[in-house]
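S.K.: Got a predicted model here, sequence first, then my questions.
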Amino acid sequence: MRDNGYIYTLVTVTFLMILLSLVFFYFQVSKPSLEDTVTVIRTDELHYFVESIKKDFSRAASISGQRASTYAINYILSTGDDLEGYGYVNCTLFNYTVNGSQAAIAELMLCGTLYGSSSGTGKYMENNTIPFWVDGVREFGAGLDFIVNMSFVDFKIRPLGAYNFAVLGTFETGAKDRKNISLFFGNISTLAVVPIYLMEDPLYLVLTDEFNLIPTFKKCNSTQPIDGSDIDSWIDSECYHPGNRTSEAPSFFDRLEGRTNISQVYQDQADEMAVLLGIPEISDIGLEAMANLDEFDIYNLTIDVGKTWVDYLYFNDLEGDCEVAGMNHADFRIDLEHGLKYNPVGLNCPTPAATPSQTPQTQLTPP
């Protein structure tokens, strides 16, 4: 019996030793596994946080760009002064180097100022600058137990077609977990699209000094074939068509600078954007409308009915050699190039300049 008791005790002790070893092994194995799981979770959270920064910049920069453009236009309408040659007044470690309307918009977006002053910009830019957004990113990150630091590496404003422009931002970004579980460090590059829809065209005020003639940027409805009633509607609705480089129609930025032709600077910027986006070309960055000379006459402006009604060419003193039949605006004239571009039914030009690509609607006969 004693031997049996001894053996029983020995078996029991051995079993307990094995059990304790298994428990000890489990805790030793599971402990680092749990830590690895936490690390993976926090790293994933940091990854999605960084991705959310990119997406939110597009939203914030689009709003900031719209507000900055609106204030820049309001400044022109209030003073009558265009923004040609405007010099950026810096408030950050990053300095925007391109002069003109883009520099004014950049200063408003980055500093909330124009000519270095925040007087009058409050309702437009308050809580809508890019540094304010950066502060919000830091605060949001802190709520997730991330320490975030962001600083500008690059900031650009570029044409993106006729009715939009792009804001490109590159930030040196550091973000880490407070417990040093996960870390991100690198440059974040993002792009925001800023529409100019329904913003006012200050070029008309700069050139006519008449507030009642200021149109807003909106697209023209265009169906084929075009006739005189379509052109009447373009004139009455004060809408815009995109203008290509051949026509030299001024871009949005050119119009803020009081310019009646597109500048080489903005054409070069459009080429830069095409390379960045991996597309062949961004050709139509200009804007052209039909000036309503009948309305000019109402406000006692001196008019020349012999000029083309294509707005920027009218201001450039280009003759309108062609008429279009069936129009309510009986004195309407258009230059030959734009007559062929829009190709309305009833087009009547004095020179037989038909081309093989010309559609049957174009009529080029002596008046």
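M.R.: The structure has been received and is ready for your questions.

S.K.: Just give me the neighbour total for residue 264.
M.R.: Using other Cβ atoms under 10 Å, residue 264 has 8 other residues around it. Quick note: C-beta positions are derived from backbone N, CA and C, even for glycine.

S.K.: Kindly report the same for residue 292.
M.R.: The burial count for residue 292: 20, using other Cβ under 10 Å.

S.K.: for it, what are its contacts?
M.R.: 213, 235, 236, 238, 309, 329 (Cβ atoms under 8 Å, 6 or more residues apart in numbering).

S.K.: same check, this time on residue 233
M.R.: Residue 233 neighbours (Cβ under 8 Å, 6+ apart): residue 221.

S.K.: And the pLDDT for it?
M.R.: Looking at residue 233, its pLDDT stands at 97.

S.K.: same question, residue 351
M.R.: 61.

S.K.: for the one 3 residues further on, same thing?
M.R.: Per-residue confidence for residue 354 comes out at a pLDDT of 47.

S.K.: With residue 181 instead?
M.R.: 79.

S.K.: Burial check on the closest residue to it other than its chain neighbours, number of neighbours?
M.R.: Spatially, and ignoring its direct neighbours in sequence, residue 181 is nearest to residue 42 (4.5 Å; Cβ to Cβ, 6 or more residues apart in numbering). Counted with other Cβ under 10 Å, the neighbours of residue 42 add up to 17.

S.K.: Go through the contacts of residue 292 and flag which are in helices.
M.R.: Counting by DSSP state H, the part of the contacts of residue 292 found in helices is 235, 236.

S.K.: So which of the contacts of residue 292 is the closest to residue 87?
M.R.: residue 213 (29.5 Å; Cβ to Cβ).

S.K.: Was I right to think the closest one contacts residue 204?
M.R.: Yes - at 5.0 Å, residue 213 counts as touching residue 204 under the criterion of Cβ atoms under 8 Å.

S.K.: Compare those two and say which is more crowded by neighbours.
M.R.: Between residue 213 and residue 204, counted using other Cβ under 10 Å, the more crowded position is residue 204 (23 against 19).

S.K.: Work out for me the element the more buried one sits within.
M.R.: Here residue 204, judged by DSSP states H and E, is contained in helix 203-208.

S.K.: now residue 71
M.R.: helix 2-79.

S.K.: same for the very next helix or strand once past that helix, what does it pack against?
M.R.: Next along the chain after helix 2-79, taking DSSP H and E as the criterion, comes helix 101-111. Packed against helix 101-111, as judged by 3 or more Cβ pairs under 8 Å, 6 or more residues apart in numbering; DSSP states H and E, are the following elements: helix 2-79, helix 122-125, helix 130-143, strand 146-159, helix 252-256.

S.K.: Show residues contacting helix 101-111.
M.R.: By Cβ under 8 Å, 6+ apart, helix 101-111 touches 61, 64-65, 67-69, 71-72, 75, 83-84, 86-92, 94, 96, 98, 113-114, 116, 121, 124-125, 129-131, 152, 155, 157, 167, 253, 256-257.
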